[in-house]
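A.B. asks: sharing a model that was predicted from the sequence below.
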Amino acid sequence: MNKKAGISFYITIAIFIFLTMFPFIWVFLTSIKPTKEIFSSFDWFTSNVTMSSYKSALTSQPLLKYMWNSFVVSSITTLVAVGLASMSAYAVTRLPIRFKGLFLGLVLASAMFPQVAIISPIYNLISSLGLRNSYGGLVIPYITVSLPLAIWLLSTFFQKIPTQLEESAKLDGATPLQTYRKIIFPLAAPGVFTTAILVFIAAWNEFLFALTINTENEWRTIPVGLAMYQSEFTVPWGDITAATVIVTIPIVVIVLLFQKRIVSGLTSGSVKG
Amino acid sequence: MDNHNTSLSKSVTSIKRDNNKVNRKRSFSLNEKQLGYLMILPSIILIIAVIIWPITVSFWNSMFDYQLNDPTRSEKMLSAHIDLERYADNYFLVNNSMKNLQSFDETGLQKETFSDLIAGLDSFHQQLLADTEIEQKYQMVEEMLINFEPVNDDELRYSSIDNDFALTYKNYIQETLNILSRVEASSTDMANAIKTVKEQLTTLESSILQSNFIGFEHYINYLFDGRMWSSLSLTSMFTVISVLLELVFGLIIALIINRVFHGRGLVRVSVLIPWAIPTAVAAMMWRFLYDGQSGIIAYYLERIGLIADTGYLLSTSAGGVISIILADVWKTTPYMALLLLAGLQTIPGQLYEAAQVDGANRFNQFFKITLPMLKSTILVAVLFRTLDAFRVFDLIYVLTGGGPANSTESISVYAYKTFFSQQNFGAGSALSIIVFLCIVLISVLFIRFIGSDLFEKKANR
């Protein structure tokens, strides 16, 4: 079905890209307008470009602190979750253990559980451990919530690695741990990396746990912090648009750098070749 | 002799080696198995501790009238309990005030009534302290109260008591309150004294906690709760409409971009960015675009006459529903398109060539080749999206907050508000278990009616 792309095709594509990007374009154009113009005109371009919204966004709320919190929480989550998940995925795809089906079923089922159904016991648990308003309070639930996705993805990736390599390693007297470290891991590295990106993005975007567990402003993550950017009487759209631009930049960078990996990760679970 | 020796030693070493091999092999495979279990153990522990166990606890909580902001209901109690700190404090006060009251009764008309009441309370008090364990605790608590120490140890503070005894004691205090209400005060001093006693008695009563186990009462209440049904139907409507729109648009986009052209990378990036940004950030952006005062989309829609005024999108219920669906479609259609595109690329091109030779037109090709070949991809994508859409929380919570007038409140948002705005953990747990059951039902229906051939296919592979 590979037809030649004509002019009309490129016009369609251009319209599509414009429509998906429109919210970002408008938010960016708003962020460089003076506050007065935001509330009085619908002109696309301003003649008085200003950075005042950016200054105000960074000073009215600890935006950089929010980003740092998100970064720390997501990084720890990614490291631990991918580590644990790659061990589990290796055991499931390579080692002669029983109840594999049961384990994978449990994993898949727990991915489908609604988070609101576990939020109150988790809230009580984290409170009683004294972990509210800390990184640990978010990392524990995040690791667990991202484990199903990570185990599932990594199992798919590990399955694609030919078993002959390991068998020859085994014949040469390598222990399972050595086989895992020297053979499987390097071969699986692209898959592990893809999984890590997806886990990181999922942790970066999580909202419900962050909203309930870290309620102090100092400990908020980006999604919650940005959603709370409102004073009591007016909504400071200038600040919000500027903050949105700032927090979207790292995501755009990640997407630009790793687009192919992300797509392969997103589609590997659902499409059986 | 020499020869013989070497061959013997050779065979010995070979036997040894074989033995070694067998040993190594046995311990190796045993190790492998143990290692395998060891490797999945941390994941299992975490999943059980942070997902499975909390669901069970949620279910257990939903059977109690459990409210964090109400001191008489802030604990889950299967049997009646007594809060010894409040009880000891107030019993002492009530006793004093009663005697005080007696002295104010100059006419002596109520003397008998008062002494009866004092005696009655005393007998209940003695019955309570008849239990040696409670008596010991009571004395310790009393001592701490005298020293103005707070009782922080729940073990010491709460004692389980007999359900019937708790009820009769509470009833007796209630009755005492009624009697006191009927007593005519002969002086203002006496009226004030009666008021004090009544206040103290009310606190005393509230220190006796009846079991708040209520079984399935929350669920029965929700059966008749209009807000629950409207949030459930809003959630279902949102799920069906947005997943359907996302499927249609996603399929169209996937079909369009399934070819070789310049700038695929650009399309891929523009498709991935809406998917990658946090839902809460996307919701905030859309709130700005829909805003009645400075929202560009509201402004344009009004200009072209699609909506009556710019406030329509966020301040009417129909507008609110359209707004959340549109925002969700914008955010997740790209994801759908990606999944479907990957599916399209697995369809072998020869199929289309053969169809062309046989004279099938594009329409026929789509329905006879593309759709059937894409079926399993579509089913998986729709299942995942449906489960996700049914749990919708961030988008609605940030975009509309469930408003106006709860018209865009999804069931997860309703449960969250019950938990953390009303602090009602019992009722909130019941709602969250309802969400859970709906998710289970959807999964089962998918697997049973639509997905069965899909899963069979997977199993056969």
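C.D. replies: Yep, that arrived. Numbers count the residues shown, from 1 in each chain, chains lettered A, B, ... in the order given.
A.B. asks: show me what from the stretch 1-150 of chain B comes close to chain A.
C.D. replies: With C-beta under 8 Å from any C-beta of the partner chain as the criterion, the stretch 1-150 of chain B meets chain A at residues B:28-29, B:31-33, B:35-37, B:39-40, B:42-44, B:46-47, B:49-55, B:57-58, B:61. For the C-beta atoms, the positions are set from N, CA and C on the backbone; glycine is no exception.
A.B. asks: low-confidence stretches in the stretch 101-250 of chain A?
C.D. replies: Scanning the stretch 101-250 of chain A for pLDDT under 70 picks out the ranges A:231-233.
A.B. asks: A:Ser60 against A:Asp239, yeah?
C.D. replies: Yes - counting by C-beta atoms under 8 Å, A:Ser60 does reach A:Asp239; the two are 5.7 Å apart.
A.B. asks: picking up where we left off before, make a PyMOL selection of whichever of the residues of the stretch 1-150 of chain B next to chain A turn out to be buried.
C.D. replies: Buried residues among the residues of the stretch 1-150 of chain B next to chain A (16 or more other C-beta atoms under 10 Å in any protein chain shown), as a PyMOL selection:
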select buried, chain B and resi 32+33+35+36+39+40+42+43+44+46+47+50+51+52+54+55+57+58+61
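A.B. asks: next, count neighbours for A:Val235.
C.D. replies: 16 (other C-beta atoms under 10 Å in any protein chain shown).
A.B. asks: which of the three states applies to it?
C.D. replies: Here A:Val235 takes the coil state, with states given by DSSP: H, G, I helix; E, B strand; the rest coil.
A.B. asks: how about it, nearest residue that isn't a chain neighbour?
C.D. replies: B:Asp291 (7.5 Å; C-beta to C-beta, 6 or more residues apart in numbering or on different chains).
A.B. asks: ok, the one you found touching B:Met285?
C.D. replies: No - applying C-beta under 8 Å, one finds B:Asp291 not in contact with B:Met285, separated by 10.8 Å.
A.B. asks: go ahead and flag the most central residue of chain A.
C.D. replies: A:Ile201 (1.0 Å; C-alpha atoms, centre = their mean).
A.B. asks: who's in contact with the residue nearest to that residue when sequence neighbours are not counted?
C.D. replies: In space, and not counting its chain neighbours, A:Ile201 is closest to B:Ala276: 5.7 Å by C-beta to C-beta, 6+ apart. B:Ala276 makes contact with A:Ile201, A:Asn205, A:Ile251, A:Ile254, A:Val255, A:Ile262, according to C-beta atoms under 8 Å, 6 or more residues apart in numbering or on different chains.
A.B. asks: circling back to that earlier point, higher neighbour count, B:Asp291 and B:Met285?
C.D. replies: Legend: neighbour count by other C-beta under 10 Å for B:Asp291 and B:Met285, higher for B:Met285 (26 against 20).
A.B. asks: elements contacting the helix or strand containing the more buried one?
C.D. replies: Assigned by DSSP states H and E, B:Met285 belongs to helix B:279-290. Packed against helix B:279-290 by the contact rule (3 or more C-beta pairs under 8 Å, 6 or more residues apart in numbering or on different chains; DSSP states H and E) you find helix A:7-31, helix A:222-227, helix A:237-268, helix B:296-303, helix B:312-315, helix B:317-344, helix B:394-399.
A.B. asks: low pLDDT regions in the stretch 351-461 of chain B?
C.D. replies: Ranges of the stretch 351-461 of chain B meeting pLDDT under 70: B:450-461.
A.B. asks: on that earlier part again, got a markdown table for the helices and strands packed on helix B:279-290, with mean neighbour count and distance to A:Ala89 too?
C.D. replies: A markdown table is the format used below for the helices and strands packed on helix B:279-290 (neighbours: other C-beta atoms under 10 Å in any protein chain shown; distance: least, C-beta to C-beta, whole Å):
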| stretch | mean neighbour count | distance to A:Ala89 |
| --- | --- | --- |
| helix A:7-31 | 16 | 34 |
| helix A:222-227 | 26 | 28 |
| helix A:237-268 | 20 | 13 |
| helix B:296-303 | 17 | 44 |
| helix B:312-315 | 21 | 45 |
| helix B:317-344 | 22 | 21 |
| helix B:394-399 | 26 | 29 |
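A.B. asks: between the ones you listed, which gets nearest to B:Asn152?
C.D. replies: Of all the helices and strands packed on helix B:279-290, helix A:222-227 sits nearest to B:Asn152, with 31.7 Å by C-beta to C-beta.
A.B. asks: please put the alpha-carbon coordinates of stretch B:228-236 into CSV.
C.D. replies: Provided in CSV are the C-alpha atoms of stretch B:228-236 (Å, rounded to 0.1, in the frame of the first residue of the first chain):
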residue,chain,number,x,y,z
MET,B,228,-23.3,7.8,42.2
TRP,B,229,-25.4,6.8,39.2
SER,B,230,-24.8,10.1,37.4
SER,B,231,-21.1,9.8,37.9
LEU,B,232,-21.2,6.2,36.7
SER,B,233,-23.1,7.1,33.6
LEU,B,234,-20.9,10.1,32.9
THR,B,235,-17.8,7.7,33.2
SER,B,236,-19.4,5.2,30.9
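A.B. asks: residues of it that come out buried?
C.D. replies: Neighbour-count burial for stretch B:228-236, counted by 16+ other C-beta under 10 Å, picks out B:Met228, B:Ser230, B:Ser231, B:Leu232, B:Leu234, B:Thr235, B:Ser236.
A.B. asks: now render the residues you listed as CSV, adding pLDDT.
C.D. replies: What follows is the buried residues of stretch B:228-236, written out as CSV (pLDDT from 0 to 100):
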residue, pLDDT
B:Met228, 93
B:Ser230, 94
B:Ser231, 94
B:Leu232, 94
B:Leu234, 95
B:Thr235, 95
B:Ser236, 95
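A.B. asks: which among these gets closest to chain A?
C.D. replies: B:Thr235 (10.8 Å; C-beta to the nearest C-beta).
A.B. asks: tell me the phi and psi of the closest one?
C.D. replies: phi -60, psi -40 (degrees, to the nearest 10).
A.B. asks: once you drop chain neighbours, what's closest to residue 51?
C.D. replies: Just so you know, I chose chain A. Closest to A:Met51 by C-beta to C-beta, 6+ apart is A:Ile32, at 7.2 Å.
A.B. asks: wait, chain B
C.D. replies: Nearest to B:Ile51 is A:Ser110, by C-beta to C-beta, 6+ apart, at 4.5 Å.
A.B. asks: quick one: contacts for A:Phe42?
C.D. replies: A:Phe42 touches B:Ile296, B:Tyr299, counting by C-beta under 8 Å, 6+ apart.
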